[in-house]
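*Asks:* pasting the sequence and the predicted model now:
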Amino acid sequence: MTKDVNLTEPLKQYFGFDSFKGDQEAIIRNLLAGNDTFVLMPTGGGKSLCYQLPSLLMEGTAIVISPLIALMKNQVDVMNGMSEDGCVAHYLNSSLNKAAIQLVMNDVRRGATKLLYVAPESLGKDENVEFLQSVKVSFYAVDEAHCISEWGHDFRPEYRNIRPTILRIGEAPVIALTATATDKVRSDIKKNLGICNALEFKSSFNRPNLYYEVRPKTQDVDRNIIMFIRQHAGKSGIIYCLSRKKVEELSAILKANNIKAEPYHAGLDSAKRSQTQDDFLMERIDVIVATIAFGMGIDKPDVRFVIHYDIPKSLEGYYQETGRAGRDGGEGLCVTFYSNKDLQKLEKFMEGKPVSEQDIGRQLLLETAAYAESSVCRRKMLLHYFGEEYTEENCHNCDNCLHPKSKREAKEALLIVLKA
Ligand code: ADP
Ligand code: MG
């Protein structure tokens, strides 16, 4: 592929966009040149295009490893909607029967399919490896690459097998993409995928339109939330709780208060879950009360608030979950209810886990507690966590900047941190 190939034309032709966002063009050029590429871009930044566009321009089929079946289906539908024959993209995962798999393999073999989405557990299956050995792979894209790391917010052990499987299938350039930018996750990804020399493209993780606030969690937390929702009537929001039980309880309380809310967690059957997701996207309901099972890859641009009923297990998770608010650049209110009691509960809960997991879990939790209890600008703290320095004195969009705590309160908070 020549260096000066025109990319704006295919961008317009296939995707209907007039210009690239952020580093997209440089990323695509790096991949087209045959180099390993590492993309760190916040949610909504436009990572998918970084592999979708080059796959259309390169010889062979790009293999996209993506963790969620629902996410794959969604992307494949979008890609096929843009092409004429509806087979430019396909997916291989456990939801397909034998006949459907044959169809996919035929389209790949005859060169019609440019993008093949594969679930990580399907990738390593012998029959798939054998099949992929027989086709020309243009490159491998590892989406949501933080799933490789135990320091990320969504560790998937199958992701650790990606590198060995790539070596079996046959090497080609690798592009890894994630919205997780902590140093530990970053180095885990590079090591695990064997792309230590990859060129790194990191965008800023600042989301200026998000308002961050931490409120003490008291007896009237439910009433507090109901009032908040009423003040934002008709707007879409997500409330995260740690347990399925709490999800059910809180959504019942909201419903009893005439709020259009539904629960979402992994214990509900998949028909109910996708119904709730659709109802939320189509605005038949306003509020989803969910565990962290809800949200990855959901592209609803106008979520106006994200409430954490319980303290999140890591700052990383907090950033990803709050990041689902205000994707269109409009208002996004992120309110977290925090209590020391919750913190102790979570620590207690960890005691049943293997020691190494406990150590990681505790450290992540302590970082979250320090954030919650701090009187420093929330944005500054969050960005610092991602290795980014925020130099403004006042962000004008978090509780600590808009309503600075008195010095006394700050001192008290510090004492609590020190005692923890
Ligand atoms: P990410 O995976 O980084 O969270 P997505 O790939 O889902 O982000 O893209 C987020 C949104 O940005 C999508 O709605 C997508 O269509 C849009 N988008 C991507 N690239 C561009 C572009 N160059 N111009 C305009 N919109 C874009
Ligand atoms: Mg994505």
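*Replies:* Alright, I've got the coordinates. Numbers count the residues shown, from 1 in each chain. Ligands and ions are numbered 1, 2, ... in the order given.
*Asks:* how far away is Ser236 from Ile298?
*Replies:* For Ser236, the distance to Ile298 equals 11 Å [C-beta to C-beta, to the nearest Å]. Placement of C-beta: from N, CA and C, glycine included.
*Asks:* cool, and Gln363?
*Replies:* Look at Gln363 and Ile298: by C-beta to C-beta, they are 29 Å apart.
*Asks:* and these two? Which one has more around it.
*Replies:* Neighbour count, other C-beta atoms under 10 Å: between Gln363 and Ile298, Ile298 has more, with 18 against 13.
*Asks:* isn't that one right up against Gly323?
*Replies:* No - counting by C-beta atoms under 8 Å, Ile298 does not reach Gly323; the two are 11.0 Å apart.
*Asks:* residues contacting Ile162?
*Replies:* The contact partners of Ile162, taken as C-beta atoms under 8 Å, 6 or more residues apart in numbering, are 65, 120, 123, 140, 142, 148, 192-193.
*Asks:* sec struct for it, please.
*Replies:* Under DSSP: H, G, I helix; E, B strand; the rest coil, the three-state class of Ile162 is helix.
*Asks:* show the model's pLDDT score for it.
*Replies:* Here, the pLDDT recorded for Ile162 equals 97.
*Asks:* what parts of this protein come near ligand 1?
*Replies:* With C-beta under 6 Å from any ligand atom as the criterion, the chain comes near ligand 1 at residues 17, 20-21, 24, 41, 43-49, 299.
*Asks:* of those residues, which belong to helices?
*Replies:* Of the residues of the chain next to ligand 1, the ones assigned to helices by DSSP state H are 24, 49.
*Asks:* that older thread, just the buried residues of the contacts of Ile162.
*Replies:* When these are checked for burial by 16 or more other C-beta atoms under 10 Å, the buried set is 65, 120, 123, 140, 142, 148, 192-193.
*Asks:* related to what we said a few turns ago, nearest to Arg378 among the contacts of Ile162?
*Replies:* Nearest to Arg378 among the contacts of Ile162, counting by C-beta to C-beta, is Ile148 at 28.1 Å.
*Asks:* report the contact partners of the residue most central in space within the chain.
*Replies:* What sits nearest the mean C-alpha location of the chain, by C-alpha atoms, centre = their mean, is Met296, with 4.8 Å. The neighbours of Met296, taking C-beta under 8 Å, 6+ apart as the test, are 67-68, 71, 144, 154, 320.
*Asks:* next: Pro120.
*Replies:* Residues in contact with Pro120 (C-beta under 8 Å, 6+ apart) are 65, 67, 147, 156, 158-159, 161-162.
*Asks:* change it to 10 Å
*Replies:* Pro120 makes contact with 65-67, 93, 142, 144, 147-148, 156-162, 165, according to C-beta atoms under 10 Å, 6 or more residues apart in numbering.
*Asks:* tell me the spacing between it and Arg163.
*Replies:* Here Pro120 is placed at a distance of 11 Å from Arg163 (C-beta to C-beta).
*Asks:* with Glu25 instead?
*Replies:* Relative to Arg163, and taking C-beta to C-beta, Glu25 is found at 28 Å.
*Asks:* got phi/psi on the residue of the stretch 201-350 of the chain found nearest ligand 1?
*Replies:* The stretch 201-350 of the chain approaches ligand 1 most closely through Asp299 (5.5 Å), counting by C-beta to the nearest ligand atom. Phi and psi for Asp299, reported as degrees, to the nearest 10, are phi -110, psi 60.
*Asks:* so what's it up against?
*Replies:* Counting by C-beta under 10 Å, 6+ apart, Asp299 makes contact with 43-44, 48, 71, 74, 78, 281, 324, 327.
*Asks:* pull up the gap between the closest residue in space to Val88 that isn't next to it in sequence and Arg163, please.
*Replies:* The shortest distance from Val88 to any residue other than its chain neighbours is 5.3 Å, reached at Lys114 (C-beta to C-beta, 6 or more residues apart in numbering). For Lys114, the distance to Arg163 equals 23 Å [C-beta to C-beta].
*Asks:* so for those two, which residue has more residues nearby?
*Replies:* Using other C-beta under 10 Å as the criterion, Lys114 and Arg163 rank with Lys114 on top: 23 against 18.
*Asks:* tell me the pLDDT of that one.
*Replies:* 95.
*Asks:* let the chain start at 16 from now.
*Replies:* Will do, 16 is the new start, and the previous item becomes Lys129.
*Asks:* just to check, it is in contact with Asp100?
*Replies:* No - shown here, Lys129 and Asp100 do not form a contact pair, counting by C-beta atoms under 10 Å, at 11.5 Å.
*Asks:* okay, and the residue lying closest to Met396 once chain neighbours are set aside sits in which element?
*Replies:* Distances taken as C-beta to C-beta, 6+ apart put Tyr386 closest to Met396, at 5.3 Å, once the chain neighbours are dropped. Assigned by DSSP states H and E, Tyr386 belongs to helix 370-388.
*Asks:* next SSE after that helix?
*Replies:* As assigned by DSSP H and E, the chain's next helix or strand after helix 370-388 is helix 393-400.
*Asks:* related to what we said a few turns ago, so what sits against both of Ile313 and Gly338?
*Replies:* With C-beta under 10 Å, 6+ apart, Ile313 and Gly338 have common neighbours Thr58.
*Asks:* how about the strands in the stretch 116-265 of the chain?
*Replies:* Using DSSP state E, counting those that start in this stretch, the strands found in the stretch 116-265 of the chain span residues 130-133, 152-157, 189-193, 214-217, 225-231, 251-255.
*Asks:* report the separation between Gly249 and Tyr226.
*Replies:* 19 Å.
*Asks:* the two - which one has more neighbours?
*Replies:* Tyr226 (24 against 9).
*Asks:* state the distance from that one to Gly341.
*Replies:* Here Tyr226 is placed at a distance of 9 Å from Gly341 (C-beta to C-beta).
*Asks:* what touches both of these two?
*Replies:* Residues within reach of Tyr226 and of Gly341 at once, by C-beta under 10 Å, 6+ apart, are 320, 347-349.
*Asks:* how many other residues sit next to the residue nearest to Ser289 when sequence neighbours are not counted?
*Replies:* Once flanking residues are discounted, Ser289 sits nearest to Ala85: 7.4 Å by C-beta to C-beta, 6+ apart. By the criterion of other C-beta under 10 Å, Ala85 has 15 neighbours.
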